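1. What shape does this take:
(one chain, ligands or ions: 1)
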Amino acid sequence: MPTTKRDTIFSAVTGAVADRLSQRQALRPVPESVRIDGRTCLVTGANSGLGKAVAVDLAKRGGRVLMACRGGHPDAGEEVRRLSGSDAVAMLKVDLADLRSVQALCNRLEREVERLDIVVLNAGVMPRTARRSAQGYELMFAVHFLANRLLIDRLLASGTIRQGNRPGKTPRIVLVASEAHRSAGPIDFDHFGAFTDYGLRDGLKHYGMSKLHLCTYAQELSRRLNPGGEVRVAVTSLCPGAVNSNLAREAPTLLKPLLYPIMRIFFAAPEKAAAPVTYACCAEDLEQRSGVYLHLMQGKKPSALAMDERAGKRLWEKSAALLARHVEGGSADVSGSMSHQPHGDA
Ligand SMILES: NC(=O)c1ccc[n+]([C@@H]2O[C@H](COP(=O)([O-])OP(=O)(O)OC[C@H]3O[C@@H](n4cnc5c(N)ncnc54)[C@H](OP(=O)(O)O)[C@@H]3O)[C@@H](O)[C@H]2O)c1
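-> Next up is the predicted model:
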């Protein structure tokens, strides 16, 4: 992979700070008075950083919030309940680095949840060096893309996410990506899903590539769900900008004394960084628009590579073939079932 302007730690940090300082807010944050009572929301990676702030915000607005998190966070649900003042918060366990665990989460959601109105695919990871997921894929490819593809396929196929276009009822899928997707070169479809070993120096390149997979997926998903421009599911991808979160927890120990103060001073607090996610989840403006990409509070186009329809189709087909190896009963490509679902809200 060639080196580009955002794939070293130094350039990523300076770029993120510059973005933050230069942002003029084009979109207004959604006022606290906007409510989502009666809506059920799933947020992945909701125990930390951005995901936790989003969970608190959605719960404060009256949403029923399901926090899909790894084990080891026994107090996270209680904390979100306390911070939001809402009891309509529940924890569900999932390890997105294991497709069996994603399947188990889907089984549970399909059994126990009548309908999901808002799905925020937020969980993210930045490993220090290459690691494998349970099924042997590169960890970020697995967590940022493949797990999300499976989750959404299953929830659409089962009707847990119901396609509909009645005002105020359009389901929303929000994918937390990153501007780092712009640093990635074209996806190598000849070696799609193949594990590549990398060391400390190349982690950000692979992070950018995994987010390009996610952004390309978001565009393709939006096209497939909303043929002819009628919005039945609003798909939004976004970059929250630089967030003072736990994402850099695997940064080299020697770098942390420098990195952490910079993050504290220049990166946004998760509660502030959550504004574009809230916008994607709650703004009326996005009720009937899909395929939107937000960078902070500005609408933008994702990279030309992410918008490329041919790449989107190949990504869709190649990832369906990968998932079919792991999903009981054959192919996981449920694109056909998308158009057969009942419309509207039952
Ligand atoms: N921080 C930034 O500057 C920045 C910039 C652009 C985009 N983003 C994106 O924002 C999103 C949120 O990240 P953050 O900054 O809030 O970082 P964070 O505080 O580290 O939160 C990441 C969340 O993802 C969860 N997660 C990681 N691997 C998982 C797995 N295998 N299964 C289930 N959950 C898993 C983490 O769970 P554990 O606590 O159990 O590890 C944690 O809850 C990510 O998608 C990230 O790429 C962040």
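
2. who touches the nearest residue to Y198 once chain neighbours are set aside in this structure?
-> Of all residues beyond its chain neighbours, the one nearest Y198 is A130 (4.6 Å), with distances taken as CB to CB, 6 or more residues apart in numbering. Heads up, the C-betas are built off the backbone N, CA and C, glycines and all. The neighbourhood of A130, defined by CB atoms under 8 Å, 6 or more residues apart in numbering, consists of E138, L139, F195, T196, D197, Y198, G199, H206.

3. Report pLDDT for the fifth one.
-> This points to D197. At D197, the model reports a pLDDT of 95.

4. Contact partners for it?
-> For D197, the contact set (CB under 8 Å, 6+ apart) comprises A130.

5. State the pLDDT value of the residue of the stretch 51-200 of the chain found nearest the ligand.
-> Ranked by CB to the nearest ligand atom, the top residue of the stretch 51-200 of the chain for proximity to the ligand is G124, at 2.3 Å. Here the pLDDT value assigned to G124 is 98.

6. Output the below-cut-off pLDDT ranges for the stretch 101-250 of the chain.
-> For the stretch 101-250 of the chain, applying pLDDT under 70 flags the ranges 165.

7. What ranges does the stretch 1-150 of the chain have for its helices?
-> Using DSSP state H, counting those that start in this stretch, the helices found in the stretch 1-150 of the chain span residues 9-22, 49-60, 76-84, 99-112, 139-140, 147-157.

8. Would you mind finding the most buried of those?
-> Highest mean neighbour count of those: helix 49-60, a mean of 27 (counted as mean count of other CB atoms under 10 Å).

9. by contact count, what packs against that helix?
-> strand 40-44, strand 64-69, helix 76-84, strand 118-121, helix 270-273, helix 275-282 (3 or more CB pairs under 8 Å, 6 or more residues apart in numbering; DSSP states H and E).

10. coming back round to it: just the buried ones out of the contacts of A130, please.
-> Those of these that meet the buried threshold are E138, L139, F195, Y198, H206, by 16 or more other CB atoms under 10 Å.

11. hang on, the earlier thing: can you put the helices and strands packed on helix 49-60 in CSV and add distance to the ligand?
-> As requested, the helices and strands packed on helix 49-60 are exported to CSV (distance: least, CB to the nearest ligand atom, whole Å):
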stretch, distance to the ligand
strand 40-44, 6
strand 64-69, 6
helix 76-84, 8
strand 118-121, 8
helix 270-273, 6
helix 275-282, 9
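
12. how about a markdown table for these, with distance to R108 added?
-> Shown next, in a markdown table, are these (distance: least, CB to CB, whole Å):
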| stretch | distance to R108 |
| --- | --- |
| strand 40-44 | 11 |
| strand 64-69 | 10 |
| helix 76-84 | 15 |
| strand 118-121 | 15 |
| helix 270-273 | 27 |
| helix 275-282 | 22 |
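
13. what does the protein have sitting close to the ligand?
-> By CB under 6 Å from any ligand atom, the residues of the chain that approach the ligand are 45, 47-51, 69-70, 94-97, 122-125, 143, 176, 178, 239-240, 242-243, 245-247, 267.

14. now with 5 Å?
-> Residues of the chain lying close to the ligand by CB under 5 Å from any ligand atom are 45, 47-50, 70, 95-97, 123-125, 143, 176, 178, 242-243, 245-247.

15. So for the nearest residue to M67 once chain neighbours are set aside, what's the pLDDT?
-> Setting aside the residues directly before and after it, M67 is nearest to A46 in space (CB to CB, 6+ apart), at 3.6 Å. If you check A46, the pLDDT there is 98.

16. How much space separates A46 from A218?
-> 20 Å (CB to CB, to the nearest Å).

17. Look at these two and report which has more neighbours.
-> A46 (31 against 28; other CB atoms under 10 Å).

18. ok, H73 - how many residues close by?
-> Here the number of neighbours of H73 (other CB under 10 Å) works out to 16.

19. In contact with it: list those residues for me.
-> Residues near H73 by CB under 8 Å, 6+ apart: N47, S48, M91.

20. quick one: which of those residues is most hemmed in?
-> Neighbour counts for the contacts of H73 (other CB under 10 Å) peak at N47, which has 24 neighbours.

21. That one against G71, yeah?
-> No: look at N47 against G71 with CB atoms under 8 Å: they stay out of range, at 10.1 Å.
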